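Student: Provided below for reference: sequence and predicted model.
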Amino acid sequence: MNDHRRQQNLMRYASVGVEFLVVFLLFLAGGWALDNRLGTQPGFTGLGGLVGFGVAFYRITRQGWGIMQHGNRGRRDDEDDDVADDI
């Protein structure tokens with residue numbers, strides 16, 4: 001595997017990890033803020049964490065299936081099929 005391809009793969013996987021963390025933390029923070037506003041701690045914080053984890057896991061799974069279906073070219077399911085493969 002050449003260095004350029006290795007770097008592309010590293011960036012792809014790093015971006016997936018960062019996306020997972022950001023989505024999870026946004027839902028967790030939203031639950032925390034709602035708990036502080038309503039005084040219902042830790043109910044919405046826990047719910048936000050669970051929903052955030054579920055949404056983030058769904059997004060990663062969907063991206064993984066897209067990579068597997070398109071031969072590891074890095075395309076996702078929501079990308080158009082008429083995009084040139086060699087871009």
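Tutor: That came in fine, so what should we check first?
Student: so where do the helices sit in this protein?
Tutor: 3-38, 43-69 (DSSP state H).
Student: what about the shortest one, distance to the chain center?
Tutor: So the one you mean is helix 43-69. Counting by C-alpha atoms, centre = their mean, to the nearest Å, helix 43-69 is centred 7 Å from the centre of its parent chain.
Student: helices or strands next to it in the packing?
Tutor: Judged by 3 or more C-beta pairs under 8 Å, 6 or more residues apart in numbering; DSSP states H and E, helix 43-69 is in contact with helix 3-38. The C-beta positions use only the backbone N, C-alpha and C, and glycine is treated the same way.
Student: what are the buried residues along the helix it packs on?
Tutor: Within helix 3-38, the residues that count as buried by 16 or more other C-beta atoms under 10 Å are Val16, Phe20, Val23, Phe24, Phe27, Leu28, Gly30, Gly31, Trp32, Leu34, Asp35.
Student: coming back round to it: mind putting the helices of the chain into JSON lines with mean pLDDT?
Tutor: Putting those into JSON lines (pLDDT from 0 to 100) gives the following:
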{"stretch": "helix 3-38", "mean pLDDT": "90"}
{"stretch": "helix 43-69", "mean pLDDT": "88"}
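Student: quick one: which of the buried residues of helix 3-38 is nearest Gly49?
Tutor: Lowest distance from Gly49 to those (C-beta to C-beta) belongs to Leu28, with 4.7 Å.
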